[in-house]
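Enquirer: Okay, here's the prediction I keep looking at, along with the sequence it came from:
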Amino acid sequence: MDSFCDSIERISYLARAESRIRVLNRLSASELIERRGLCASLSLSRSAVVRAVDSLEERGWVAVEPDGVRLTPVGRLVIEEFLELVDSMDTITDLAPFLEWFPLSEYDLDATDLQDGTVTVAVDGDPYAPAREHTNRIRTANRFRALLPSIGRDAITEAHRGIMAGELESTLIVSPTVERRIRSDQFAPQFEEMLSTGRLTVRIAESIPFFLGLADDWATQIGVEDDDGLPRALLDTSNERVRSWGEELFTDYRRSATDEIQL
């Protein structure tokens with residue numbers, strides 16, 4: 001417990017003063033820097049640099065020599081690990097709107113698998129931003145496979161354009177709710193035309209929990225909705241582990257799906 005508390009104290013000590021972080025980070029890029037050069041490169045006052053260096057020297061994280069200041073081996077490890085922690089916190093913050101609605105613990109994925117992805121969030125001023133990113137991915141794909149718990153007009157219009165132009169092939173696994181929408185007057189004419197080309201296959205599966213899109217450029221999209229079925233966030237990633245997971249999940253749903261939809 002004492003070791004844990006000591007570690008928290010050291011993190012807190014460093015985080016309390018931006019000048020300490022900046023001094024360590026600057027020193028990590030050089031073997032030795034004169035104090036005057038350190039002040040100039042950081043745009044800090046001499047007094048601020050002196051206080052930071054003296055404090056860091058007491059910790060054993062920097063060494064003051066006649067020709068300047070350098071990081072100690074411990075100081076180098078400290079700033080590297082601290083900056084990794086900062087990056088991790090940034091990642092968690094970016095992923096938060098997605099993870100709020102995605103049941104991560106139910107699948108063989110880790111948050112670190114998602115950290116390189118881009119999250120598009122639905123906000124009050126742009127509630128359909130995730131749907132638009134989904135549509136953009138369809139626009140640039142030659143092959144697109146998806147699990148669909150819901151459908152939107154723009155995405156279907158773009159898929160229709162690509163399929164009818166001979167630019168896109170697609171396989172969709174849809175929920176029973178989506179099947180009913182496909183057969184509605186709103187969507188049936190477009191789907192009938194797409195299915196007639198042989199470039200679209202649509203199958204039905206029960207209980208599709210979220211949107212999964214697999215594009216031919218190795219991009220994987222995962223879209224989440226709220227309890228009212230409104231899009232909340234879309235993750236777009238090229239992570240190989242996420243892609244392998246997505247391929248396996250899509251295959252499982254395809255095996256369990258019923259016969260193809262015919263219009």
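Expert: Done, it's in.
Enquirer: Give the rounded mean pLDDT of whatever helix or strand Asp236 lives in.
Expert: Asp236 belongs to strand 231-237 when assigned by DSSP states H and E. On average, the pLDDT along strand 231-237 is 93.
Enquirer: before we move on, what about stretch 182-192?
Expert: 95.
Enquirer: gap between the spatially closest residue to Ala205 that is not a sequence neighbour and Ser105?
Expert: Closest residue to Ala205 apart from its sequence neighbours, by CB to CB, 6 or more residues apart in numbering: Ala257 at 4.3 Å. Glycine gets a C-beta too; all of them are placed from N, C-alpha and C. Distance, Ala257 to Ser105, using CB to CB, to the nearest Å: 25 Å.
Enquirer: higher neighbour count, those two?
Expert: Legend: neighbour count by other CB atoms under 10 Å for Ala257 and Ser105, higher for Ala257 (20 against 6).
Enquirer: Now do the contacts for the more buried one.
Expert: Going by CB atoms under 8 Å, 6 or more residues apart in numbering, Ala257 touches Ile173, Arg203, Ile204, Ala205.
Enquirer: Quick one, grab the pLDDT at the first one.
Expert: Per-residue confidence (pLDDT) for Ile173: 97.
Enquirer: and it, backbone torsions?
Expert: With angles defined as degrees, to the nearest 10, Ile173 sits at phi -110, psi 120.
Enquirer: Verify the contact between it and Glu179 for me.
Expert: No - in this structure Ile173 lies outside contact range of Glu179 using CB atoms under 8 Å: 10.6 Å.
Enquirer: which one of these two has more residues nearby?
Expert: Neighbour count, other CB under 10 Å: between Ile173 and Glu179, Ile173 has more, with 24 against 17.
Enquirer: and the more buried one, how far is that from Ile204?
Expert: Note on Ile173: its distance to Ile204, by CB to CB, is 8 Å.
Enquirer: Now for Ser207, how many residues are close by?
Expert: Ser207 has 8 nearby residues by other CB under 10 Å.
Enquirer: Now it: closest residue in space, sequence neighbours ignored.
Expert: Once flanking residues are discounted, Ser207 sits nearest to Ser175: 7.2 Å by CB to CB, 6+ apart.
Enquirer: neighbours around the one you found, how many?
Expert: Number of residues near Ser175 (other CB under 10 Å) recorded here: 19.
Enquirer: how much space between it and Phe4?
Expert: 47 Å.
Enquirer: Domain ranges for this protein, per the record?
Expert: For the chain, automatic domain parsing gives the domain ranges 2-84, 104-256.
Enquirer: Mean neighbour count, the ones you listed: which tops it?
Expert: Most buried of those, by mean neighbour count (mean count of other CB atoms under 10 Å): domain 104-256, with a mean of 17.
Enquirer: next one: that one to chain centre, how far?
Expert: Centroid separation for domain 104-256 versus its chain: 16 Å, with CA atoms, centre = their mean, to the nearest Å.
Enquirer: how long is it end to end?
Expert: Chord length of domain 104-256, first to last residue, is 22 Å (CA to CA, to the nearest Å).
Enquirer: Strands of the stretch 1-150 of the chain, start to end?
Expert: 62-65, 68-71, 118-121, 143-148 (DSSP state E, counting those that start in this stretch).
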